[in-house]
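Trainee: Whatever this is, show me its structure:
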Amino acid sequence: MLKNYLTLIAIGLIWGSQFVFQEISLEGFSPVWVGTLRAILGALTLIVICKIMGIRGASKQWSLFALIGLLEAAIPFVLVPWAQQNLTSSIAAILMGTLPFYALLLSPVFIKGATISKGNTVSVIVGFSGLLILFSPELSSNTGAINLVSSAAIIVAAVCFAIALLLLNRVRDEHPLIVARNVLCMASIQLLFIAFLTAPITTVKPSASSMFSLIYLGVLCAGVVYYLYMMSIKNAGAVFTSMTNYLVPAVGVLIGVLLADESVQTTTWLALVVILSALFINQTLAKSR
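Mentor: As a prediction, this is how the structure comes out:
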């Protein structure tokens, strides 16, 4: 059980740091190209790691990998940046935080024999409460109307993520590194096609800082973390892994505060405690069951 916690915390730390580097990378690349190049660099990283470790794939489920890549990366990488143009980061994070609910509700549909357990239900509700606590100061000061179309786009992206998570359970007898590599390879091809259609290459004007940030996003926030993500799904299940959507915003806020040398609000610490409690509830009740 400790291994599951450590894996999820590592994912939270790496993905939580992406917000800072993503902001810098956008100075030289459009959102679509950031997503595309990030996926390509992540796929190349995993290809190299697989070569070094001598791990070879046995599965021929390329149609399944293509579908997961479409739902996990291609669609969300286009919808989320577009929607965030009209939404605050807190609203976007809360809407993405509904992902575990979709993973929980859809698990009996996509996973044979899966049931909606008490542990999963309680932990998902507690985790979402932590997300609301985290962004409560910003939400209370936000008096503007919420764009419904952009909100719907974020929800569609969250549903796509949830279905992709559940479909990963259909990949059998395959090393998590190979699964991560294959999904990112298929997503890279799809995103490259989308990028050339929607954002001309002439719009790319990279600087040294934006290039470094993009490499960080690709190698760590796509390559390494995707392996950890697949390993977490294999060991702890899709619903537990989907709770990274609660942990990542909290870590992102903390990293932003540390870099800006600002004081941490009480609500941030409280939210982190509530989110970690949700993870503990999920694993404890799952183990007792």
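Trainee: rest of the way, CA atoms for contacts and neighbours
Mentor: Will do.
Trainee: Which helix or which strand is home to Arg38?
Mentor: Taking DSSP states H and E as the criterion, the element that holds Arg38 is helix 31-53.
Trainee: going on from that helix, what's the next piece of helix or strand?
Mentor: Of the helices and strands lying after helix 31-53 in sequence (DSSP H and E), the nearest is helix 62-69.
Trainee: starting at the chain centroid, how far to the helix holding Arg38?
Mentor: Averaging C-alpha positions (Cα atoms, centre = their mean, to the nearest Å) puts helix 31-53 15 Å from its chain's average.
Trainee: List the contacts of that helix.
Mentor: 22, 25-26, 56, 77-78, 81, 177-178, 180-182, 184-185, 187-188, 191-192, 194-195, 199, 204, 214-215, 217-224 (Cα atoms under 8 Å, 6 or more residues apart in numbering).
Trainee: And stretch 55-65, by the same measure?
Mentor: Residues from elsewhere that reach stretch 55-65 (Cα under 8 Å, 6+ apart): 50, 171-175, 178-179, 182-183, 186.
Trainee: Three-state assignment for Glu27, please.
Mentor: Secondary structure, DSSP: H, G, I helix; E, B strand; the rest coil: Glu27 is coil.
Trainee: got a pLDDT number for it?
Mentor: In the predicted model, Glu27 carries a pLDDT score of 81.
Trainee: Then Asn142?
Mentor: The pLDDT attached to Asn142 in the predicted structure is 60.
Trainee: Would you mind listing where the stretch 151-289 of the chain has pLDDT under the threshold?
Mentor: Applying pLDDT under 70 to the stretch 151-289 of the chain picks out residues 202-203, 256-264, 282-283, 285-289.
Trainee: my bad, should have said the stretch 1-150 of the chain
Mentor: In the predicted model of the stretch 1-150 of the chain, residues 19, 59, 88-90, 138-139, 141-146 satisfy pLDDT under 70.
Trainee: and the contacts of helix 31-53, which are buried?
Mentor: 22, 25-26, 77-78, 81, 177-178, 180-182, 184-185, 187-188, 191-192, 194-195, 214-215, 217-224 (16 or more other Cα atoms under 10 Å).
Trainee: Which ones among those lie within helices?
Mentor: 22, 25, 77-78, 81, 177-178, 180-182, 184-185, 187-188, 191-192, 194-195, 214-215, 217-218 (DSSP state H).
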